[in-house]
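Peer 1: Dropping a prediction and its sequence here:
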Amino acid sequence: MKTKNLTLLFFLTFLMATSCKSSGEFDPGPFAGGDKGDKTLLTFQVSDASGDPIEGAYVVSYRQLAPLHIRVGEGFTDQQGQIQLEDQTHTTEGYATVVAPGYNSKKVTLNIEQKQENTIQVTLADQDVLKVMSYNILVGLSNDTKLRQDFAAWVATYDPDIILFQETSNFTDASFAAFAKTFGHDYAVRTKTTGIPTGITSKEPITNIRKVVQTGVLHHGYVTGETSGMRIFSIHLCPYELDNERNIYQIDRKDEIEIIMNDATQYTNVPVIMGGDLNSHNTFDRDSYGPGYSYGNRDHAVYNTVKENNFYDTYPLRNSDFKATWPVAEIAVNGPNRGARLDYMFVNNTIKNDVVFSDILYSVYTDKFSDHYPTYIEIKK
């Protein structure tokens, strides 16, 4: 076993002690059926480049019935770097994501032999990437102390260098900074102290910070700063349409994104990451979902404005299939997938080609933290 950080090992031990390791709690969804005596087993063997087993790697195995992502099972590898999942889907194709602190993450294509044990060898490279997460945490993880503790333990599996937060309500600046320290981030900043602030936390100092709040113009405002050699923007656009009576200032998301892009495009020679909850839709999701997408005819103006300013949506940079971020209740554990992707991370041209991993994180943990799923990327340093 290769261990890189005692604090992270403590978090992983906590998670392994409190989570289910088998597929028993997962509904196999629309693929289920057949002889229950016939078992298809997936044994994942996760090791480092030297062949040493990695304990505490988190594996999530999926099958797809487009546009559904059917979670077969998930859990942590043991001391031998192994985890075994039973696949009841009676299908041959799928994929798995494998992550561990101190290593680059990996997406593995699966070709399964039915009614037998399949051994999947996965080698993770030592970390040489910057790990960045963006997450709408539903009014500060519902102001729930236990949920915040569980979040800190879970996020250690990914060990991101930077997190962009939306909805940091029910925190003070001091309590938000203390919260960040529970998952190894010594630096934290928020847009404001009232309303529904955005925030940034980082392992490295956050400098040249600007908190942009314009009442009646920007619904939530945004915060931007520099950390780890990147200019970071954490944004959250208005959740209401113009004709909604709760939109008292008649704020248009198209106007908000114009203001933000005028700011972000100043940094022509600096790597820029912009992430958050745009409350907006896009053409990629409509096309990759296919017929029947509930949000296919929604306005794409916000997304198109970002693209027109030469910023790139990181999810389709590494994926070709639809995957929703909201609402969790309609997606979790093989739900009907009536959701949409409202949450994004964009990068400018400076680092477009350095994005090596991108995902939307579905797990038994993110099923409970918020009504949104987090977005996640890894960028070559």
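Peer 2: Sure, I can see it. Numbering: from 1, shown residues only.

Peer 1: Sticking with Tyr315, tell me its helix or strand.
Peer 2: Element membership for Tyr315 (DSSP states H and E) is helix 314-318.

Peer 1: Pull out the buried residues from that helix.
Peer 2: Neighbour-count burial for helix 314-318 flags Thr314, Tyr315, Pro316, Leu317 (criterion: 16 or more other CB atoms under 10 Å). All C-beta spots, glycine's among them, are computed from the backbone N, C-alpha and C.

Peer 1: Flag the shaky bits of the stretch 1-150 of the chain, pLDDT-wise.
Peer 2: Low-confidence segments of the stretch 1-150 of the chain, defined by pLDDT under 70: 1-37.

Peer 1: try it again with 90
Peer 2: By pLDDT under 90, the weakly predicted segments of the stretch 1-150 of the chain are 1-39, 63-70, 72, 87-93, 112, 114-115.

Peer 1: which residues of it fall in helices?
Peer 2: Remark: helices assigned in the stretch 1-150 of the chain by DSSP state H, counting those that start in this stretch are 6-18, 138-141, 145-155.

Peer 1: and the chain, what are its domains?
Peer 2: Taking automatic domain parsing as the criterion, the chain consists of the domains 6-124, 129-380.

Peer 1: how close does the closest residue to Tyr158 other than its chain neighbours get to Pro160?
Peer 2: Once flanking residues are discounted, Tyr158 sits nearest to Val99: 5.8 Å by CB to CB, 6 or more residues apart in numbering. Distance, Val99 to Pro160, using CB to CB, to the nearest Å: 10 Å.

Peer 1: likewise His185?
Peer 2: Counting by CB to CB, the gap from His185 to Pro160 is 9 Å.

Peer 1: Of these two, which one has the most company?
Peer 2: Shown here are His185 and Pro160; by other CB atoms under 10 Å, Pro160 has more neighbours (26 against 23).

Peer 1: check contacts around that one.
Peer 2: Pro160 makes contact with Lys131, Val132, Met133, Tyr376, according to CB atoms under 8 Å, 6 or more residues apart in numbering.

Peer 1: Tell me where the stretch 151-300 of the chain has helices.
Peer 2: Using DSSP H, counting those that start in this stretch, helices in the stretch 151-300 of the chain cover 173-181, 253-264, 283-289.

Peer 1: mind checking which of those helices is nearest Gly276?
Peer 2: Nearest of the helices of the stretch 151-300 of the chain to Gly276, taken as CB to CB: helix 253-264 at 9.4 Å.

Peer 1: Work out the gap between that closest one and the centre of the chain.
Peer 2: 23 Å (CA atoms, centre = their mean, to the nearest Å).
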